[in-house]
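J.: My questions are about this predicted structure, shown below with the sequence.
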Amino acid sequence: MSRPTKSTDWQTEIYRKHSGWVAGTPPHMAIGEGWAEIVARLFDRIAEALASELPSTKVAIIDIKEKYGEFRIEALAPVGPEAEAAIDRAILLAELRSECTCDECGEAGRMRSTLAQSGWLAVKCDHHAAGYPRILGKGSPRRRITNRRGTFDITYDRATDSITETLVAGRRETE
Ligand SMILES: [Zn+2]
């Protein structure tokens with residue numbers, strides 16, 4: 001994929017590519033251009049997840065934004081459990097990648113904050129770190145999640161854009 005040009009054209013481009021399943025008029029994405037590739041990958045993965053659904057299936061994108069320095073998406077997808085799990089996983093990958101990707105240029109970055117007491121959070125590379133002197137992100141992004149299979153510790157690997165799961169507690173067989 002070619003690097004998107006300056007301006008918000010990259011958003012139009014992504015929405016146009018996926019107009020087959022994006023419902024209605026999707027929202028403006030309130031995120032930096034450095035995350036364009038994260039969104040592009042996320043939408044490709046959602047399209048893949050929808051391949052097993054009816055061709056008429058539409059997903060409503062309610063909101064795409066940055067919150068506490070991280071990528072957030074709110075979407076409504078009337079799909080079966082398999083596609084739903086695939087979409088949840090795609091969203092998790094996008095969120096974790098945002099935690100280590102500069103929101104300005106898309107290079108590897110770390111979660112940083114301003115020095116003020118009610119500081120702003122943002123993920124920046126070393127080159128775009130001006131105004132964000134405190135480094136908060138150390139090592140690979142991690143998260144603990146609970147789904148219908150149990151509770152897992154998740155570690156994200158940026159080089160391969162994948163996660164490894166470690167089971168913390170499994171669901172009982174009878175559930
Ligand atoms: Zn940068």
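T.: The structure has been received and is ready for your questions.
J.: in which helix or strand would I find the residue nearest to I62 when sequence neighbours are not counted?
T.: Of all residues not flanking I62 in the chain, E74 sits nearest, at 4.1 Å (C-beta to C-beta, 6 or more residues apart in numbering). All C-beta atoms are positioned from the backbone trio N, CA, C, and that covers glycine. Element membership of E74, judged by DSSP states H and E, is strand 70-76.
J.: and the longest helix for the protein?
T.: Ordering each helix of the chain by length in residues (DSSP state H) puts helix 81-98 first.
J.: Give the other helices and strands that the helix or strand following that one contacts.
T.: Counting by DSSP H and E, the element after helix 81-98 in chain order, helix or strand, is strand 110-113. Strand 110-113 is packed against strand 121-124, strand 134-135, with contacts defined by 3 or more C-beta pairs under 8 Å, 6 or more residues apart in numbering; DSSP states H and E.
J.: Which of those strands has the highest mean neighbour count?
T.: When you average the neighbours per residue for each of the helices and strands packed on strand 110-113 (mean count of other C-beta atoms under 10 Å), strand 121-124 leads with a mean of 24.
J.: which residues touch that one?
T.: 66, 68-70, 98-104, 109-113, 132, 136-137 (C-beta atoms under 8 Å, 6 or more residues apart in numbering).
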